[in-house]
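Peer 1: Based on what follows, work out the 3D shape:
(one chain, ligands or ions: 1)
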Amino acid sequence: MRKPLIAGNWKMNLLNSKVPAYFTDLEKAIHGVDRKKVDTLLAVPAPFLATAREHAQRAGTLIATQTIHEKNDGAFTGEISIPILKDLGIDWTLIGHSERRQYYNETDASVAAKTKATLAAGIHPIVCVGETREEREAGKMKDVLKRQMEAVLAVVSADSAFTVAYEPVWAIGTGLTASDEQAEEAHAFIRAIVAAKFPTLAERLRILYGGSVKSSNIQGLLKQPNVDGALIGGASLDPAEFGKTVSLAASV
Ligand code: 13P
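Peer 2: All right, here's what the predicted structure looks like:
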């Protein structure tokens with residue numbers, strides 16, 4: 001069985017000055033949780049990375065950035081490079097979140113370039129895929145997932161260390177969660193695409209579900225054989241709620 005990863009994505013929320021208290025509260029909320037049963041991670045705004053890294057250790061939580069640039073340096077105003085991330089002691093990043101694809105023109109090609117660069121540098125990417133509501137309603141969910149996954153699979157190898165997050169765009173921040181069965185169908189499909197090219201990688205690959213996950217729905221999702229964790233937006237902003245979700249994940 002793959003060890004579940006419960007990841008939070010703070011997006012553009014919270015404040016650097018609130019980070020220490022967040023981790024104090026998270027530590028309390030997950031005190032006593034068997035950490036052999038669950039991994040935790042938080043993707044925080046870039047200016048909080050150093051503070052978060054310092055305090056996250058108390059809660060045994062990995063820290064990630066929310067996006068990364070594929071080039072090591074240069075005239076790319078506002079971007080964060082892999083060397084900047086490594087210098088801060090951070091080795092995880094989200095790539096290709098639907099909000100990056102939707103608002104910042106990230107494409108399958110740029111997601112692939114970022115994935116390739118991070119893997120080469122020993123950074124662990126959590127690559128996000130998922131269909132929009134229009135795509136699902138037009139019966140194109142599988143076509144979209146296949147296209148997005150094949151772009152990623154073109155730049156990985158059988159021993160690459162990365163994670164996939166399936167986040168149906170229609171379930172993000174809407175309160176609409178995919179049903180356990182809808183999540184399982186998409187996750188099984190993603191795993192089959194990976195298995196067609198890299199069978200052993202597919203066995204160990206963690207596929208997270210994202211889209212209105214919270215403590216009340218985590219267990220049903222994690223009971224699905226191909227759901228290996230969650231990427232949580234809104235409900236990760238409250239450390240007590242995020243901690244409760246982590247505790248429940250450890251007891252599935
Ligand atoms: P919500 O949990 O707020 O729906 O956000 C999901 C998400 O986009 C996590 O990356």
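Peer 1: mean confidence score for whichever helix or strand residue 27 is part of?
Peer 2: In the assignment (DSSP states H and E), residue 27 maps to helix 19-30. The predicted model assigns helix 19-30 a mean pLDDT of 98.
Peer 1: Just give me how far it sits from the chain centre.
Peer 2: Counting by C-alpha atoms, centre = their mean, to the nearest Å, helix 19-30 is centred 20 Å from the centre of its parent chain.
Peer 1: For it, name the packing helices and strands.
Peer 2: Here helix 19-30 touches helix 49-56, helix 239-250, going by 3 or more C-beta pairs under 8 Å, 6 or more residues apart in numbering; DSSP states H and E. Using the backbone N, CA and C atoms, a C-beta is placed for each residue, glycine as well.
Peer 1: Would you give the sheet partners of whatever helix or strand comes next after the shortest one, along with the direction of each?
Peer 2: Scanning forward in sequence from helix 49-56 by DSSP H and E, the next helix or strand is strand 62-64. Each strand that pairs with strand 62-64, with its direction, by DSSP bridges: strand 39-43 (parallel).
Peer 1: And the contacts of the partner strand?
Peer 2: With C-beta atoms under 8 Å, 6 or more residues apart in numbering as the test, strand 39-43 has contacts from 3-10, 30, 52, 56, 59-66, 92-94, 126, 229, 236, 246.
Peer 1: just the helices in the stretch 151-252 of the chain please.
Peer 2: 180-197, 199-204, 218-222, 239-250 (DSSP state H, counting those that start in this stretch).
Peer 1: between these, which one is nearest to residue 83?
Peer 2: helix 199-204 (27.1 Å; C-beta to C-beta).
Peer 1: wait, what's in contact with the residue nearest to residue 187 when sequence neighbours are not counted?
Peer 2: Closest residue to residue 187 apart from its sequence neighbours, by C-beta to C-beta, 6 or more residues apart in numbering: residue 226 at 3.7 Å. Listed by C-beta under 8 Å, 6+ apart, the contact set of residue 226 reads 184, 187, 188, 190, 191, 207.
Peer 1: residues near the second one, how many?
Peer 2: If I follow you right, that is residue 187. Residue 187: 23 surrounding residues under other C-beta atoms under 10 Å.
Peer 1: Settle this for me: it is touching residue 168, isn't it.
Peer 2: No. Assessed by C-beta atoms under 8 Å, residue 187 is found out of contact with residue 168, at 11.2 Å.
Peer 1: Now the contacts of residue 226 in a markdown table, please, with extra columns for distance to the ligand.
Peer 2: Compiled in a markdown table, the contacts of residue 226 are given as follows (distance: C-beta to the nearest ligand atom, whole Å):
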| residue | distance to the ligand |
| --- | --- |
| 184 | 18 |
| 187 | 16 |
| 188 | 21 |
| 190 | 16 |
| 191 | 20 |
| 207 | 14 |
